[in-house]
Structures are given as structure tokens and as C-alpha cells.
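J.: Test case, fold it:
(chains A and B)
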Amino acid sequence: MNNINQILFPYVVQAVSQVFSVELTEQSIQFQETRKEFEGDATLVVFPITKFVKQSPEQLGNAIGEYLVQHCPVVQQYNVVKGFLNLVIEDAYWLDAFDTMLKGQEWGWELQNSKPRIMVEYSSPNTNKPLHLGHLRNNFLGYSVAEILKAAGHKVTKVQIINDRGIHICKSMYAWQASGKNDTPESTGLKGDKLVGQYYVAFDQQYKAEIAELIQNGMSKEEAENKAPSMLAAQDMLRKWEDGDEAVTSLWRMMNQWVYAGFEVTYRNMGVDFDKLYFESETYLKGKEEVEKGLSKGVFFKKDDGSTWIDLTNEGLDEKAVLRKDGTAMYITQDIGTAILRFEDFPDTAAQIYTVGNEQEYHFKVLFKILAKLGWNQSDACHHLSYGMVELPEGKMKSREGTVVDADDLMDSMKDESRLMAEEQGKLDGLTTEEKDLTYHKIGMAALKYFLLRVDPKKNMMFNPQESIDFNGNTGPFIQYGYVRTQAILRKANWNTGVDMVLNGEVKMGGEERNLIKLLFAYPQFLSESAKKYDPSIMAAFAYELTKTFNVFYQHCNILREENVDVKTFRLNLTSLTGQCIQSSMSLLGIQMPEKM
RNA sequence: GGCACCGUAGCUCAAUUGGAUAGAGCAUCUGACUACGGAUCAGAAGGUUUGGGGUUCGACUCCCUACGGUGUCACCA
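T.: The predicted structure is shown next:
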């Protein structure tokens, strides 16, 4: 991308070489954006250069500035403040930039599929309970990173691993069977994941009651936890499942189907999708095989009791078990299998990204070390996209204590809120019921997604239900509103993209227009940084900044009322491109734009 | 206790990765052409960046230290 810094760079080298006969290193030339309280479009930080040229920063800045004005065609003027050289760039440069942006197909995005394949894993739920607020952050984050990587030119495969086997699902199965009620989603009218989740809670209650009773009868806590009848029954089911017991596996299949049907609804609401699903029940055996292979290669070792381990003490980690003494697979076993299976399924995969909460950082460190030792993680191809917890004002979410914020409920209430707001405004009159409903959905989801994605993924964040439904300020709906306004203006002007795009070079720009063009021109840099760091919050900041900058322009410049045709055309072009870029940058967050709101 | 991450305005978040007077939104206060769509814009107020040391032209950022918060340290997932 030929941004202004790259144009200036060689001239600065030349300036210092001509004036002072000193050759600069690349590192000593640092550009940054000019602060808005100073005049200029680009700023050279002079301090690093003083190491090579023995002059005061001010003198040096003036000398370089003088040279640039004379020799670099795009530099119009300069000023020096302390050790900072501010450069004013010619309007012609920005108009030229604007022209190339208008001519491009999808300004800001790279050529599709021009870069290596990256696999992005996200969601990866357990199948024993419904999705909650934490999953929303996970899904929005993973989906968004995938979209950003696509826009940055990568081939992308979105995957998830469904943890469909294990003691957790057996608990729900046992409780369902023990209740003897034969409830189904159809008979109860409940979503499948909600129904299964209820039985998971029921199991926990029964289990706790049994433990309390056993302790009362003189048993130790630990013993009671191990000997509670419900737990023994669930463990029995797990064994039978591993043995392929017909009754258990068909129950397992039925209840998992209920959950998938429920998840399907939730995912559709969230607006996320996947290219390929992996099921733990299908990969854990692969994991065991790979461990066996590794064992023969000496990567792993067996302890006397028959359990299999890896020694990572030389890597600053501990010893870690990879197979139980009875030979059964563990959590990490299936992760080994899944990772290798994915590399085999998609041999052109350059990187795998795991969107998983930061509480599993240690787990992934271990996993990636193991994969490296097995020869499957060359040049750190695996990356843990670790994100912080979502906290509530009253404390942490605990599923057993009923303090979880359910994903479906939350999405519904956001939509309700946007409906109330929109009805108050009354701007949707004339739309059909379906169109209105879709608009409420878009606005509610924008509020929610933007709220969760605008913060740095790695940080813990606070979710305050009251504040999250604010639609003013730095929010999704604020940005949508800005977009809707661009479209309203274009509609009123009977603007047809591609027909009216005649730019006249004579146009004189004001500061508001200039700022807008500069920001639009920086879109690709925001995108590539966002992709490089797997961080959607950078795109969120861009979309917000763009909307605010447009609002200032709109507030200070007439568009439709402008009488000079050239200026009006220029401003309509600017409005059109801004709308397009708001839409495309927000789409990278999974947020859709309504036409009216 | 060991290790990892975090601590910025009353609240929720930023800060171009070591650069200028630490920026936005919410809440509070004051304004704006009889709205080109006011879910807007202009402005005020709000900070010893948890405390203490150090490194240097320059530190929210790097190093040391104390304090506070979170996570993790299973043959659970």
C-alpha cells in the first residue's frame, strides 16, 4: 500500500544524506500521525536521527523540512515543534488518493485467496448445556477474526470441535433416564439444548444431595463424592458408551441431536457459521493412535502403572499425562488427534488458530509443544487466540449457581430493546412486519457484537446489562445510524454509483473533507494490523472513528444544498465511499447494516 | 505458595508498541442554523496512569520492588 510514509521515506534518507552526508538506517526514520492540535498530515520524529547527526532536534527538523518542501513534490509546507517535524501534504495528493479509492472494487480489502490458508476454530461447546454470554464473546471473536483474515487475503477454514462425549453428557443422560418422564423437545416445547441443560442441573442437585446424606452417615467428603450413586451411574454409562453399548449410544445420539438442533437456532441468530465440524467422538481414537506412534518414537514414555506421559521439564513446563493407566483418552489426547487430523484434511494449512478462553493457556502451551515434538507444529503454526472472561457486576458467572447470562435470552432482550427504541423514533413506518423485525434484529445484534468486540480480546471485560443497551456514543447502533444517514442522503440525491462519479480536479477541500479522505485511505493499514494481531477491536475502532469523522463533515458541510455542482459531486462521492467502508468494516465484525432505522 | 495475565477520569474502554499537553463514550453541566435523518454536532468539567525505585533526550508502555485483582498449577473437560 503506497501510503504517505512510504513516499516520504526515501526523501528523508536523501535529505540527510545530501545535507549532512550521513546515511540513515531504516530504524531511525519514524513516522507517526500528526496530532490534531498541530498542522500537518504526517510527522517525522526527529530524535532518533540526532544520534547520527550532531544537531539539536529543532535545527535538524528545519533542515529536513526545508529540503522536503523543495524536493518532494507532495510536501507543501512544514513546521517543527520540539523534535517533531510536521509535514503538510498537497491537496492534489489526497484527491489523487481519493480517485484510486473510488476506482477500486472493494476499497480496503486485499485480493481474495491470495494468501495461505488459515484455520480458525471457535465456539467448540460441550453438548450438555446451552450457550451463554462467554460463548457469545468466543463466537463473535472467532467469526470476526476469520472474516478479517479473509478480507486480508487469506484462504480461511472455519471449524469447531464439538465435545460430544465424556462424563458431562453422561450426567445429563443419566438424569433424563432417572426422571422417567421421557420428556422431549417436542413434548415440552423447549429448545433441545435447554432441555438437556435442565437435566444437567438436575443431576448436580441430586449429586449434591447424595453427598450431603453420605457425609451425614459418617462418610468423608472425598469418599462421598466418589461413591454417590448418581456419579457411579454416570461413570457406568461412560464405560458402556466406550464399549459401544447399544442402549446407551442410542440415548446419547438422541440427546445430542436435540442439542445440535438447539445450537443451530442459536448460531443462526448469532450470524456465525462453520465450514467443517469435528466431533470429539470421532477424533479421540485418532489421538490415541498418534500417542502410540509417538510412544514408539520415544516422544512419550510409560510409567510403571501403565499411564503414558510426556516430559516437558526441559521446556519450562511439567510432566503431563496423555493417556490414563487404563489406556483411555484424555482431553489433551483428543486435541492431539484433532490437530493432526486437520493438518491432514487441509494439507495447505499454514496456521491453526484456537479461539479459547485464557483459562486454558497452559493447556495450549502443552499441546503445541507436544505437536511440535510430533513434527506437526513447524514454525509455530498453532496459535491460541486467548481471550479474557466476561464478568458481571455481581461477580462471576457460575452455571451451577444460576448466574449465567443465557445467549438466547440476551439476544432476545437486545432485540426487544431496539424495537422499543425504533418504535419511539417511528422511522420504520411503511416497512413490512418482516422488514421491521429484521431491522430490530440487526440493531440489537450490532449493539451486542460491537460491545463485545470493541475491547482488546485478551482483557477481561465487564458486562453491565443496563449499560450494554445504550445506543448512543461508541456503540454499534451509533455506527449503523451514521451509515443509514449516508444512504438516506444518496437516495435523496438519486445517486447512482458509477454513473455520477466525475471528479473535477479544481475542487478545493476543507479540513473536514480532508480528514475523511485521510481516514478512508488508511483503511488497509487498519485491516492489516487487525489481521496480523487477530484483533477485531482495531476494526471496531476504525469504524467508529470513520463514523464520527463523517458526522463532523456532515454537520459542517452542505451536501444536497451545495450549489456548486463540482463540489456537490465531490461530497456525494465522499458520502458514498464512506457508507461503503462503514458497511465493509462492520461486516468484518459480523455486523449488518440496516437501510433505515 | 510457583507460574501467567491484568491494574489508566466516578463508570466502560483507548493510547500508532519508547514519542508531543494520556484520548473516546456513558453519567454531570452549557450551547447549536425552525433538523440535507437530532440515535447528531460544538464546548466545560473530570488524571500524581495502584505505590516506590531504576533505565534515557523522552516511560501508561521496558527493568526491579511492594500492594491489589484474575486465571492456572488433575490419570476433569
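
J.: Would you map the helices across the stretch 1-150 of chain A?
T.: Residue ranges of the helices in the stretch 1-150 of chain A, as given by DSSP state H, counting those that start in this stretch, are A:4-20, A:47-50, A:57-71, A:91-103, A:133-151.

J.: swap that for the stretch 301-450 of chain A, please
T.: A:331-345, A:361-373, A:407-425, A:433-453.

J.: In the longest one, which residues are buried?
T.: It stands for helix A:433-453. A:436, A:439-453 (16 or more other C-beta atoms under 10 Å). All C-beta atoms are positioned from the backbone trio N, CA, C, and that covers glycine.

J.: And for residue A:346, the neighbour number?
T.: 17 (other C-beta atoms under 10 Å).

J.: again, but for the one 3 residues further on
T.: Using other C-beta under 10 Å, residue A:349 has 17 neighbouring residues.

J.: My understanding was that it contacts residue A:121; is that so?
T.: No - using C-beta atoms under 8 Å, residue A:349 is not in contact with residue A:121; the gap is 11.6 Å.

J.: which phi and psi does the residue of chain A found nearest RNA strand B have?
T.: With C-beta to the nearest atom of the strand as the measure, residue A:473 is the residue of chain A nearest to RNA strand B, at 2.1 Å. Main-chain dihedrals, residue A:473, degrees, to the nearest 10: phi 80, psi -150.

J.: Find me the pLDDT at it, would you?
T.: On pLDDT, residue A:473 comes in at 92.

J.: distance of it from residue A:547?
T.: 11 Å (C-beta to C-beta, to the nearest Å).

J.: Next, count neighbours for residue A:27.
T.: Neighbourhood size, residue A:27 [other C-beta under 10 Å]: 7.

J.: OK, contacts around the residue nearest to it when sequence neighbours are not counted?
T.: Closest residue in space to residue A:27, ignoring its immediate chain neighbours: residue A:48 at 7.3 Å, by C-beta to C-beta, 6 or more residues apart in numbering. With contact set as C-beta atoms under 8 Å, 6 or more residues apart in numbering, residue A:48 has these partners: A:27, A:28, A:29, A:30.

J.: Residue A:48 and residue A:585, how far apart?
T.: 33 Å.

J.: Residue A:20 against residue A:53, yeah?
T.: Yes - if you go by C-beta under 8 Å, residue A:20 and residue A:53 touch, sitting 4.8 Å apart.

J.: ok so, going back, of the buried residues of helix A:433-453, which fall within the contact range of RNA strand B?
T.: The residues of the buried residues of helix A:433-453 that also fall near RNA strand B, by C-beta under 7 Å from any atom of the strand, are residue A:443.

J.: out of the buried residues of helix A:433-453, who's nearest residue A:39?
T.: residue A:450 (33.4 Å; C-beta to C-beta).

J.: Quick check: closest non-adjacent residue to that closest one.
T.: Per C-beta to C-beta, 6+ apart, closest to residue A:450 is residue A:476, 3.2 Å.

J.: From residue A:548, how far out is the most centrally placed residue in chain A?
T.: Nearest to the mean C-alpha position of chain A, by C-alpha atoms, centre = their mean, lies residue A:141 at 2.7 Å. According to C-beta to C-beta, residue A:141 stands 24 Å off from residue A:548.

J.: ditto for residue A:198
T.: Distance, residue A:198 to residue A:548, using C-beta to C-beta: 46 Å.

J.: Give me the pLDDT for residue A:499.
T.: Value for residue A:499, per-residue pLDDT: 50.

J.: Repeat that for residue A:504.
T.: pLDDT, residue A:504: 59.

J.: Please enumerate the strands of the stretch 451-597 of chain A.
T.: Assigned by DSSP state E, counting those that start in this stretch, the stretch 451-597 of chain A shows strands spanning A:461-462.

J.: Residues of the stretch 151-300 of chain A that sit close to RNA strand B?
T.: A:163, A:166, A:167, A:168, A:280.

J.: Return the members of the residues you listed classed as buried.
T.: For those, buried by 16+ other C-beta under 10 Å: A:163, A:166, A:168, A:280.

J.: so how many other residues sit close to residue A:331?
T.: 14.

J.: Grab the nearest non-local neighbour of it.
T.: residue A:363 (7.6 Å).

J.: could I get the helices of the stretch 301-450 of chain A as CSV with mean pLDDT?
T.: Output for the helices of the stretch 301-450 of chain A, formatted as CSV (pLDDT from 0 to 100):
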stretch, mean pLDDT
helix A:331-345, 94
helix A:361-373, 94
helix A:407-425, 92
helix A:433-453, 95
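
J.: do you know which of the ones you listed lies nearest residue A:95?
T.: Nearest to residue A:95 among the helices of the stretch 301-450 of chain A is helix A:433-453; the distance by C-beta to C-beta comes to 32.6 Å.

J.: tell me how far stretch A:304-313 is from the chain's mean position?
T.: In terms of C-alpha atoms, centre = their mean, to the nearest Å, the centre of stretch A:304-313 is found 37 Å from the chain centre.

J.: Determine whether any part of that stretch lies close to RNA strand B.
T.: Yes - counting by C-beta under 7 Å from any atom of the strand, RNA strand B is contacted by stretch A:304-313 at A:305, A:307.

J.: Pull the distance from the one helix or strand in chain A whose mean pLDDT sits lowest to the chain's centre.
T.: Counting by mean pLDDT, DSSP states H and E, chain A has its least confident helix or strand at helix A:465-468, which shows a mean of 74. Helix A:465-468 sits 21 Å away from the centroid of its parent chain (C-alpha atoms, centre = their mean).

J.: So is it next to RNA strand B?
T.: Yes - applying C-beta under 7 Å from any atom of the strand, one finds helix A:465-468 touching RNA strand B at residue A:467.

J.: Report the contact partners of the closest residue to residue A:481 other than its chain neighbours.
T.: Distance criterion C-beta to C-beta, 6+ apart; nearest residue to residue A:481, sequence neighbours excluded, is residue A:597 at 6.3 Å. Applying C-beta under 8 Å, 6+ apart to residue A:597 gives the contacts A:422, A:425, A:427, A:428, A:439, A:443, A:477, A:480, A:481, A:484.
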